[in-house]
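Q: Fold the following.
(2 chains)
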Amino acid sequence: MKLTLKVWRQKNNADQGKFVSYPVEGISKDMSFLEMMDVLNEQLTEKGEDPVHFDHDCREGICGMCSMYIDGKPHGPQQTTTCQLHMRSFNDGETITIEPWRAKAFPVVKDLVVDRSSFDRIIQAGGYVSVNTGGVPDANEIPIPKKIADEAFDAATCIGCGACVAACKNASAMLFTSAKISQLSMLPQGQVERKERAEKMIAQMDAEGFGACTNTGACAAECPKGISLTNIARMNREYFSAVVSSENV
Amino acid sequence: MSWVTKTLSSTLGRKLIMGLTGLFLILFLTGHVSGNLLLFNDDDGQAFNIYAKFMTTNPAVKILSYLTYISIIGHVVWSIWLTRQNKAARPVGYAESKASTNSTWSSRNMGILGTIILIFLVVHLQGFWYEMHWGNVPTVTYEGEEYKDLFSIVTFAFQNELLVAGYVIAMGFLGFHLSHGFASAFQTLGLSHKKYSPAIETVGKIYCVVVPALFASMPLYIYFTS
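A: A predicted model of the protein is given here:
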């Protein structure tokens, strides 16, 4: 395959940035999108140019590190992670536009790399359960109905890639935050900090400068893990019931 | 800040205001369209005028009307507040975006639709609501009691084809606004359930067509019959 890549290049956060077009050849349809980017970077390195910086890690679709807004959609035309996107989703001779995630809370570090530590700070605000140290607890000590376990697990499959924020017209982090609140609020272990968690995580989400939810559903439609909008409704319930009943004045 | 102001100024709190005021305005629209069906009565507006007097003098209706004014203002002010927050959340936009593949046009343009409805509302209130309250409305007498003849104002206004066209188009925008807003309000309040959400969505889809269509039929009916 022969392709033209229109890639966003930006030296650092202070730089204005611009699109640069690169022709690439010899791309196999079986390559992943990241492997295609590797081919481009090898070409650039051989020419002595600065390779395109992009985030990646496991390349198995489970770490949430890869990003890229490809041809107007987060992670490209398929509902998957960029590492699991294959070049067979594109046509020979096509021009592909590649941009970084765009959000105030995700500042561009360089080229296609954005700083997603705002997500980490939301988790730090309350996305955990406190467990006393001691002996290993028995696996079946706390019975959890299969249905609840499944639902909590569905929410827990969120890999925190930020596609929801990238897809949302308001750059809202509601789907991410709601998945993280949901996975713990449904389980018995999450009950102790349940109210505090909802209040603190949402306060942190606001402090990071994410937008509000218009319920367009773009986040869920683009989420590589299929996190559903019901989590956002659950988060709203969790938050409203927390603020009226918690003792945090 | 107290916990109340903190909650209401949080992103979810702001959305809560939007949802609650939106749902109240949906209730208002239901009442408004039902009452206005009296315009179709073949009685030279007698029933409509009696109804209009009731709606402007009854104390219980007064309370509801103040709630409606508060809801309209709240819905507008909070939407401006939210829109500003949303715009600030993405200072640099995308060069290419395929938003139409993941969301409906109405859901992405609630602000624009709302602004058009607000402009319509100003014209609408000035033409009828202001006239009824403080304007020079001729009076009619039914069974010895004097009534303001709002019916004559309405029928006169809808002789103007431009106004009729404007009303019909505005109702189209209202329909699109409701097509997303109806179900969205329930989701915002956290009311999402496997059993009830599909029903809410269906009712919303019917509501967003039927209510604006009924409203639009009124100026059309008056224009073509009188």
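
Q: ok, A:Lys67 - contacts?
A: Residue A:67: Ser, not Lys. Going by Cβ atoms under 8 Å, 6 or more residues apart in numbering or on different chains, A:Ser67 touches A:54-55, A:74-75, A:82, A:100-101, A:112, A:114, A:116, A:161-163, A:166. Backbone N, C-alpha and C define where each C-beta goes, glycine included.

Q: What are the contacting residues of the lengthiest helix in chain A?
A: In chain A, taking DSSP state H as the definition, the longest helix is helix A:230-245. By Cβ under 8 Å, 6+ apart, the residues outside helix A:230-245 that reach it are A:155, A:174-175, A:177-179, A:181-182, A:185, A:194-196, A:198-199, A:202, A:213, A:215, B:3, B:7, B:10, B:12, B:15-16, B:187-192.

Q: Cross those against helices and list the overlap.
A: A:155, A:174-175, A:177-179, A:181-182, A:185, A:194-196, A:198-199, A:202, B:3, B:7, B:12, B:15-16, B:187-188.

Q: quick one: B:Gly218 is in a strand?
A: For residue B:218 the amino acid is Met, not Gly. No - checked against DSSP: H, G, I helix; E, B strand; the rest coil, B:Met218 lies outside a strand; its state is helix.

Q: Tell me the spacing between the residue of chain A positioned farthest from its centre and A:Gly162.
A: Here the centre of chain A is the reference, and by Cα atoms, centre = their mean the most remote residue is A:Gly135, at 34.9 Å. A:Gly135 sits 38 Å away from A:Gly162, going by Cβ to Cβ, to the nearest Å.

Q: on that earlier part again, quick one, which of the ones in helices among the contacts of helix A:230-245 are buried?
A: A:155, A:174-175, A:177-179, A:181-182, A:185, A:194-195, A:198-199, A:202, B:7, B:12, B:15-16, B:187-188 (16 or more other Cβ atoms under 10 Å in any protein chain shown).

Q: on that earlier part again, quick one: which of the contacts of A:Ser67 has the most company?
A: Ranked by neighbour count (other Cβ atoms under 10 Å in any protein chain shown), the contacts of A:Ser67 have A:Ala163 at the top, with 31 neighbours.

Q: my guess is that one meets A:Ala221, correct?
A: No - the pair A:Ala163 / A:Ala221 is not scored as a contact, 10.0 Å apart, by Cβ atoms under 8 Å.

Q: any idea how far A:Leu184 is from chain B?
A: 17 Å (Cβ to the nearest Cβ, to the nearest Å).

Q: mind listing what the nearest residue to that residue once chain neighbours are set aside touches?
A: With Cβ to Cβ, 6 or more residues apart in numbering or on different chains as the criterion, A:Leu184 has its nearest non-adjacent residue at 3.3 Å, and that residue is A:Gly190. Residues near A:Gly190 by Cβ under 8 Å, 6+ apart: A:Val129, A:Gln183, A:Leu184, A:Arg197.

Q: go on, A:His53?
A: Neighbouring residues of A:His53 by Cβ under 8 Å, 6+ apart: A:Val109, A:Lys110, A:Asp111, A:Leu112, A:Val113.

Q: Pretty sure A:Asp15 is one of the things the first one touches, is it not?
A: Read that as A:Val109. No - contact criterion Cβ under 8 Å: A:Val109 and A:Asp15 do not qualify, at 10.8 Å.

Q: Looking at these two, which one has more neighbours?
A: A:Val109 (16 against 12).

Q: that's a strand at that one, yeah?
A: Yes - assessed by three-state DSSP, A:Val109 belongs to a strand.

Q: contacting residues around the closest residue to it other than its chain neighbours?
A: Counting by Cβ to Cβ, 6+ apart, A:Asp115 is the residue found nearest to A:Val109 once chain neighbours are left out, at 5.3 Å. Contacts for A:Asp115 were tallied using Cβ under 8 Å, 6+ apart; they are A:Phe106, A:Pro107, A:Val108, A:Val109.

Q: from those residues, which single one is nearest B:His177?
A: A:Phe106 (30.5 Å; Cβ to Cβ).

Q: Is A:Lys6 in a helix, a strand, or coil?
A: Using three-state DSSP, the three-state assignment for A:Lys6 comes out as strand.

Q: Test my guess that it contacts A:Ile96.
A: Yes - counting by Cβ under 8 Å, A:Lys6 touches A:Ile96, with 6.9 Å between them.

Q: okay, the residue nearest to B:Leu37 when sequence neighbours are not counted: pLDDT?
A: In space, and not counting its chain neighbours, B:Leu37 is closest to B:Leu214: 7.2 Å by Cβ to Cβ, 6+ apart. Here the pLDDT value assigned to B:Leu214 is 98.

Q: Can you spell out which helices and strands pack onto the helix or strand harbouring B:Leu214?
A: Using DSSP states H and E, the element containing B:Leu214 is helix B:197-225. Here helix B:197-225 touches helix B:11-36, helix B:161-188, going by 3 or more Cβ pairs under 8 Å, 6 or more residues apart in numbering or on different chains; DSSP states H and E.

Q: Return the set of buried residues in the first one.
A: By 16+ other Cβ under 10 Å, the buried positions in helix B:11-36 come out as B:11-26, B:28-29, B:33, B:36.

Q: That helix vs chain A: in contact?
A: Yes - using Cβ under 8 Å from any Cβ of the partner chain, helix B:11-36 reaches chain A at B:Thr11, B:Leu12, B:Arg14, B:Lys15, B:Leu16.

Q: thought A:Thr95 was touching A:Val7?
A: No - counting by Cβ under 8 Å, A:Thr95 does not reach A:Val7; the two are 10.9 Å apart.

Q: send the alpha carbons of stretch A:196-214 over as PDB?
A: Output in PDB follows, covering the C-alpha atoms of stretch A:196-214 (Å, rounded to 0.1, in the frame of the first residue of the first chain):
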ATOM      1  CA  GLU A 196     -16.700  10.300  49.500                       C
ATOM      2  CA  ARG A 197     -15.500   8.600  46.200                       C
ATOM      3  CA  ALA A 198     -18.300  10.100  44.100                       C
ATOM      4  CA  GLU A 199     -17.900  13.600  45.600                       C
ATOM      5  CA  LYS A 200     -14.100  13.700  45.400                       C
ATOM      6  CA  MET A 201     -13.600  12.100  41.900                       C
ATOM      7  CA  ILE A 202     -16.200  14.500  40.400                       C
ATOM      8  CA  ALA A 203     -14.600  17.500  42.100                       C
ATOM      9  CA  GLN A 204     -11.300  16.400  40.700                       C
ATOM     10  CA  MET A 205     -12.800  15.900  37.200                       C
ATOM     11  CA  ASP A 206     -14.100  19.400  37.300                       C
ATOM     12  CA  ALA A 207     -10.800  20.800  38.600                       C
ATOM     13  CA  GLU A 208      -9.000  19.300  35.600                       C
ATOM     14  CA  GLY A 209     -11.100  21.400  33.200                       C
ATOM     15  CA  PHE A 210     -13.100  18.700  31.400                       C
ATOM     16  CA  GLY A 211     -16.400  19.700  29.800                       C
ATOM     17  CA  ALA A 212     -19.900  18.600  30.800                       C
ATOM     18  CA  CYS A 213     -22.000  15.800  29.400                       C
ATOM     19  CA  THR A 214     -24.600  16.500  26.600                       C
END
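
Q: Pull out the buried residues from it.
A: Buried-residue list, stretch A:196-214, by 16+ other Cβ under 10 Å: A:197-206, A:208-214.
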